[in-house]
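Visitor: with the input below, show me the fold.
(one chain, ligands or ions: 1)
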Amino acid sequence: MLYQRSSALFDEAYKYIPGGVNSPVRAFKSVGGVPVFMKSAKGAFMTDADDNTYIDYINSWGPAILGHTHPEVLEAIKKQAENGFSYGTPSELETEIAKLIVENVPNIDQIRMVSSGTEACMSAIRLARGFTGRDKFIKFEGCYHGHSDSFLIKAGSGAATFGNPNSPGVTAGTAKDTLLARYNDIEQVKDLFRHNEGQIAAIIVEPVAGNMGCVLPESNFLQNLRRLCDENGALLIFDEVMTGFRLGFGGAQEVFNVKADLVTYGKVIGGGLPVGAFAGRNEIMDHLAPKGAVYQAGTLSGNPLAMRAGLTTLELIRKDENFYQNINKTTETLDFEIGKILNSKDIQHRINRKGSMMSIFFHINAVSNFDEAAHANHSLFNNFFHFLLKNGIYLPPSGYETWFISDAIKQKEIDRTLEVISQFQYS
Ligand code: PLP
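Guide: The predicted model follows:
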């Protein structure tokens, strides 16, 4: 494949945009080489500026669960655009999507829309602090909750990829209120509660971690977090920016049967347009302005185009009673078949998978936390990534990221993916 135009576009972008990209992981710094500039996306495929076509396993980092540019979502956005792009007033559409979500997701009474997952998580922490009157919160190493200051401490995703999970610019004063524990290590969480009695407002957790590669909660981990929060008067926040409407319509709360006090959303909820949200029970959500004293706002919050894209996406998912079964099955097939091929080549690996999220770790038997994810062979992942890329398969450009399978990926795309992987030579 030729990347002449992508290469030229990257050089040009580099002059005007820091690092040439608007979100760090897109720069291919971890895997090396020049980032591919896309110009269109439809169904299971993306096409780059040099007219190369790829089967897409990122799907915009999760939002494109139906595949790209779904015709019904496209039509709904076009129709909405005729009626205005942004009102800055309430609209009926906002209640429609809120109602659909509240009535079909367990354990939430109210939902507030924002414009990104970062905003959702940052607002949920503020609300938890306002509600409990406490300052500190617990997060897990390798989990990513957006780029707000208090989360950039041993953060996952791009922060892990670039080896600087603690960002300059985060003050010591901010960092001191973020307490860290190892993912899946309940003893560390107990210790933190013991040493910070009466000071911890919340635990925030990715119920399936997707930002150190895909890492699953071990049995009872989430249940034990629930119990410790109850025993210590803290709130449990599920960051479902990745898992919400992906593991099931009710997200991880439904799949693991664990109730969170606050839940954050992003990605699928906006159907590809910029949307985030946070939700919870009345007794907590009533503390938000204008009803309560905890301030939170947004010029484009509840934007009609974004609400229409999100609502149409969620309605399409709900209409198809086999939706989750189908994408989960596709992902399971990929997992098993890729595993078979890698075994036949004696390439030691571990595939972690939940629902339609998965990732491959090379040269390691099990990955249940960030340290283990870091011990995988990332340079082998990088070779694997580039081999697939040049054969028209687009994976996330880092071993610390999760693949998101869309409903547009069918047997034909799976077969092509397996054919390419079977040609991969480990050297
Ligand atoms: N929380 C999780 C679990 C995420 O994966 C992400 C982004 O990938 C965020 C929060 C931040 O969302 P956004 O990038 O929309 O700000």
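Visitor: low-confidence regions, the stretch 151-300 of the chain specifically.
Guide: Scanning the stretch 151-300 of the chain with the threshold set as pLDDT under 70 gives 156-165.
Visitor: which residues of it lie near the ligand?
Guide: Contact residues (CB under 6 Å from any ligand atom) of the stretch 151-300 of the chain with the ligand: 157, 206, 210-211, 239, 241-242, 266, 276. (Each C-beta comes from the backbone N, C-alpha and C, glycine too.)
Visitor: pull the residues that contact the longest helix anywhere in the chain.
Guide: Using DSSP state H, we find that the single longest helix of the chain is helix 323-344. With CB atoms under 8 Å, 6 or more residues apart in numbering as the test, helix 323-344 has contacts from 65, 247-249, 317, 320, 349, 351, 353, 355-358, 360, 405-407, 409-410, 414, 417-418, 421-422, 424.
Visitor: only the buried residues of the helix or strand containing I317, if you could.
Guide: For I317, the host element (DSSP states H and E) is helix 304-319. Within helix 304-319, the residues that count as buried by 16 or more other CB atoms under 10 Å are 304-317.
Visitor: now render the residues you listed as a markdown table, adding distance to I393 and pLDDT.
Guide: Listed next are the buried residues of helix 304-319 as a markdown table, based on distance: CB to CB, whole Å; pLDDT from 0 to 100:
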| residue | distance to I393 | pLDDT |
| --- | --- | --- |
| P304 | 36 | 98 |
| L305 | 31 | 98 |
| A306 | 30 | 98 |
| M307 | 33 | 98 |
| R308 | 32 | 98 |
| A309 | 27 | 98 |
| G310 | 28 | 98 |
| L311 | 32 | 98 |
| T312 | 29 | 98 |
| T313 | 25 | 98 |
| L314 | 29 | 98 |
| E315 | 31 | 98 |
| L316 | 26 | 98 |
| I317 | 25 | 98 |
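Visitor: state the pair within these that is farthest apart.
Guide: Greatest spacing in the buried residues of helix 304-319, by CB to CB: P304 and I317 (20.4 Å).
Visitor: tell me the helices and strands packed up against the helix holding I317.
Guide: If contacts are counted by 3 or more CB pairs under 8 Å, 6 or more residues apart in numbering; DSSP states H and E, helix 304-319 sits against helix 71-82, helix 92-104.
Visitor: looking at those helices, which is closest to K139?
Guide: helix 92-104 (24.9 Å).
Visitor: give me the angle between that closest one and helix 304-319.
Guide: 30 degrees (axes from the mean of the first three to the mean of the last three CA atoms, to 10 degrees).
Visitor: who's in contact with the spatially closest residue to G399 that is not a sequence neighbour?
Guide: Nearest non-adjacent residue to G399, counting by CB to CB, 6 or more residues apart in numbering: F381, 3.7 Å away. F381 sits next to 31, 360-362, 398-399 when contact means CB under 8 Å, 6+ apart.
Visitor: which of those residues count as buried?
Guide: By neighbour count, with 16+ other CB under 10 Å, those hold 31, 360-362, 398-399 as buried.
Visitor: for the ligand, tell me which of those show up nearby.
Guide: When CB under 6 Å from any ligand atom is applied, no member of those is adjacent to the ligand.
Visitor: so which of the residues you listed belong to helices?
Guide: Checked against DSSP H, these include nothing in helices.
Visitor: picking up where we left off before, now the residues of the stretch 151-300 of the chain next to the ligand as a markdown table including distance to K340 and secondary structure?
Guide: Shown next, in a markdown table, are those (distance: CB to CB, whole Å; DSSP: H, G, I helix; E, B strand; the rest coil):
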| residue | distance to K340 | secondary structure |
| --- | --- | --- |
| S157 | 30 | coil |
| E206 | 29 | coil |
| G210 | 24 | coil |
| N211 | 28 | coil |
| D239 | 33 | strand |
| V241 | 32 | coil |
| M242 | 27 | coil |
| G266 | 34 | coil |
| G276 | 38 | strand |
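Visitor: which member of those residues is positioned nearest the ligand?
Guide: If you rank those by distance to the ligand using CB to the nearest ligand atom, V241 comes first, at 3.5 Å.
Visitor: settle this for me: the closest one is touching A124, isn't it.
Guide: No - if you go by CB atoms under 8 Å, V241 and A124 don't touch, sitting 10.6 Å apart.
Visitor: all strands of the stretch 1-150 of the chain, in order?
Guide: Taking DSSP state E, counting those that start in this stretch, the strands of the stretch 1-150 of the chain run over residues 38-42, 45-48, 53-56, 110-114, 136-140.
Visitor: contacting residues around the first one?
Guide: By CB under 8 Å, 6+ apart, the surrounding residues in contact with strand 38-42 are 46-49, 56, 64, 67-69.
Visitor: try it again with 7 Å
Guide: Strand 38-42 is contacted by residues 46-49, 56, 68-69 when judged by CB atoms under 7 Å, 6 or more residues apart in numbering.
Visitor: swap in stretch 66-79?
Guide: Applying CB under 7 Å, 6+ apart, the contact partners of stretch 66-79 are 41-44, 46, 271, 305, 308-309, 312-313, 316, 406-408.
Visitor: with adjacent residues omitted, what lies nearest to R5?
Guide: Nearest one to R5, counting by CB to CB, 6+ apart, is A49 at 4.1 Å.
Visitor: just A175 next, same as before
Guide: For A175, the closest residue by CB to CB, 6+ apart turns out to be I153, at 5.5 Å.
Visitor: residues contacting the one you found?
Guide: 166, 170, 175, 178, 180.
Visitor: and for P217?
Guide: P217 makes contacts with 184, 207-208, as judged by CB under 7 Å, 6+ apart.
Visitor: using the three-state scheme, assign V367.
Guide: coil (DSSP: H, G, I helix; E, B strand; the rest coil).
Visitor: now the chain against the ligand: closest residue?
Guide: Counting by CB to the nearest ligand atom, the chain gets nearest to the ligand through G117 (2.2 Å).
Visitor: report how many residues lie close to that residue.
Guide: For G117, the neighbour count with other CB atoms under 10 Å is 30.
Visitor: break this protein down into its domains, please.
Guide: The record's domain split for the chain, according to automatic domain parsing, is 4-69+322-422, 71-319.
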